[in-house]
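S.K.: Got a sequence here, can you model it:
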Amino acid sequence: MPRTANDSWDIATSVGATAVMVALARAVETASDHPLIRDEFAELLVSTPELKGVRAQVSAWWAGDPDDDLDNAADGSADGSANGSPDANHMVDYQAVRTHFFDAYFTEAAACGIRQVVLLAAGLDSRAYRLDWPAGVTVYEIDLPKVLAYKSETLAGHGATPRADRRPVPVDLRDDWPQALRDNGFDTNQATAWLAEGLLPFLPATAQEAMFASIDALSGPGSRVAVENFGVDGDKRREAEQRWQELRAKREARGLDTSFNPFDLWFDDDGRPDCADWFAAHGWAVRTVNARDEATRLGREAHTEDRPFANSFVTAIKG
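M.R.: Sure thing, here's the model as predicted:
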């Protein structure tokens, strides 16, 4: 469904369903022969009866079918990239690389003495439960109430307990989340490690810039921020979307479920600030790592060059 200014969701709908997709990728990676990351909670979080429909939709979005393979062969593609269809192997590899990078970011931040962590749009992130946090760490998880409640109840039902002081903050990032954070004990005088992973395209440009400004205002000296930056080639994205619409029509004609498409949930408004430029302009020391380069470094297949998305991982430290 198209996004609106005041839309909402639970874990099985809209933006919530994209968190399920990402957790499914982490579960697949964890169960692989040589996993780059281990998230033993991902499978627990995506295997509940209420997510059966979402799992089926994601599988259909990833998988294709014999007719799609014929289309790919005619286009000279073996993995679906030429016709705009997603590829499960690329998704799992990318999520493994992304998760590995930001896990290392938190490990380094904690080793440098940071004891306050904020996950923006936490979704089904299980880092409060699975990372080896030092004593005294508080992890604040910001997301919509139903999303946080689902995660808390599901993991509690399996006897899982956080390894840090986990504090859910049920609030929309388009609302006054800084006050909600302070109401839950957040200390603006402490250094903080922030994470915005898989988030930016799902925020309007104005909300993104307001979020960056709030991070800056709430961060004491020595604070760190990590952001997944979505670089998009506009022409290539339009071509991919056109091919996806053609593929969607073919699948719908065969009675397949095509209701799940995360790109339908992105805000495309102009004027979105580049996150590296924004934090550098506000006095943060910025480092950018190309996601393809990181995948290559870790021995994973990088995204093919003809894909419309060239993501990067941006980290910054406040002086």
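
S.K.: At which residues are the strands of the stretch 101-250 of the chain located?
M.R.: Assigned by DSSP state E, counting those that start in this stretch, the stretch 101-250 of the chain shows strands spanning 116-120, 138-143, 165-170, 192-196, 224-229.

S.K.: do you know which of these lies nearest residue 94?
M.R.: Among the strands of the stretch 101-250 of the chain, the nearest to residue 94 by Cβ to Cβ is strand 224-229 (10.4 Å). Every C-beta, even on glycine, is put in place using the N, C-alpha and C of the backbone.

S.K.: Indicate each strand paired with that closest one and its parallel or antiparallel sense.
M.R.: strand 192-196 (parallel), strand 312-318 (antiparallel) (DSSP bridges).

S.K.: which of the ones you listed sits most buried?
M.R.: Across those, averaging neighbours per residue (mean count of other Cβ atoms under 10 Å) puts strand 192-196 on top, at a mean of 24.

S.K.: Report the inter-axis angle for that one versus strand 116-120.
M.R.: 10 degrees (axes from the mean of the first three to the mean of the last three Cα atoms, to 10 degrees).

S.K.: any idea of the pLDDT on the closest residue to residue 150 other than its chain neighbours?
M.R.: Nearest residue to residue 150 in three dimensions, chain neighbours excluded: residue 11, at 4.4 Å (Cβ to Cβ, 6 or more residues apart in numbering). Listed pLDDT for residue 11 reads 89.

S.K.: okay but residue 191 is in contact with residue 110, surely?
M.R.: No: between residue 191 and residue 110 no contact is recorded; they are 10.9 Å apart, counting by Cβ atoms under 8 Å.

S.K.: follow-up on the earlier one: just put the strands paired with strand 224-229 in a markdown table and tack on distance to residue 265 and mean pLDDT.
M.R.: Below are those laid out as a markdown table (distance: least, Cβ to Cβ, whole Å; pLDDT from 0 to 100):
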| stretch | distance to residue 265 | mean pLDDT |
| --- | --- | --- |
| strand 192-196 | 16 | 98 |
| strand 312-318 | 21 | 97 |
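
S.K.: could I get those as TSV with distance to residue 278?
M.R.: Listed next are these as TSV, based on distance: least, Cβ to Cβ, whole Å:
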stretch	distance to residue 278
strand 192-196	12
strand 312-318	9
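
S.K.: Just want the angle from the helix or strand hosting residue 18 to strand 138-143.
M.R.: Secondary structure assignment for residue 18, by DSSP states H and E: helix 14-30. Interaxial angle of helix 14-30 relative to strand 138-143 (the same axes, to 10 degrees): 130 degrees.

S.K.: same for helix 14-30, what does it pack against?
M.R.: If you count contacts as 3 or more Cβ pairs under 8 Å, 6 or more residues apart in numbering; DSSP states H and E, helix 14-30 packs onto helix 42-46, helix 52-63, helix 88-111, helix 145-157.

S.K.: same thing but 6 Å
M.R.: Secondary-structure packing of helix 14-30 (3 or more Cβ pairs under 6 Å, 6 or more residues apart in numbering; DSSP states H and E): helix 42-46, helix 52-63, helix 88-111.

S.K.: what about that helix, average pLDDT?
M.R.: 94.

S.K.: now do stretch 282-301
M.R.: Mean pLDDT, computed over stretch 282-301, is 93.

S.K.: Count the neighbours of residue 202 for me.
M.R.: By the criterion of other Cβ atoms under 10 Å, residue 202 has 18 neighbours.

S.K.: Output the below-cut-off pLDDT ranges for the stretch 101-250 of the chain.
M.R.: For the stretch 101-250 of the chain, applying pLDDT under 70 flags the ranges 232-241.

S.K.: The same query, at a cut-off of 90, please.
M.R.: 204, 230-250 (pLDDT under 90).

S.K.: Just give the closest residue to residue 258, not the sequence neighbours.
M.R.: residue 248 is the one closest to residue 258 (Cβ to Cβ, 6+ apart), at 4.6 Å.

S.K.: Select, out of the strands of the stretch 101-250 of the chain, the one closest to residue 299.
M.R.: For these, the distance to residue 299 is smallest for strand 224-229, at 20.6 Å, taking Cβ to Cβ.

S.K.: Off-centre distance for the closest one?
M.R.: On the basis of Cα atoms, centre = their mean, to the nearest Å, strand 224-229 sits 11 Å off its chain's mean C-alpha point.

S.K.: Start at 17, not 1
M.R.: Sounds good: first residue 17 from here, last item strand 240-245.

S.K.: Not counting it itself, show me its contacts.
M.R.: Strand 240-245 is contacted from outside by 118, 121, 125, 209-214, 231, 291, 328, 330-333, using Cβ atoms under 6 Å, 6 or more residues apart in numbering.
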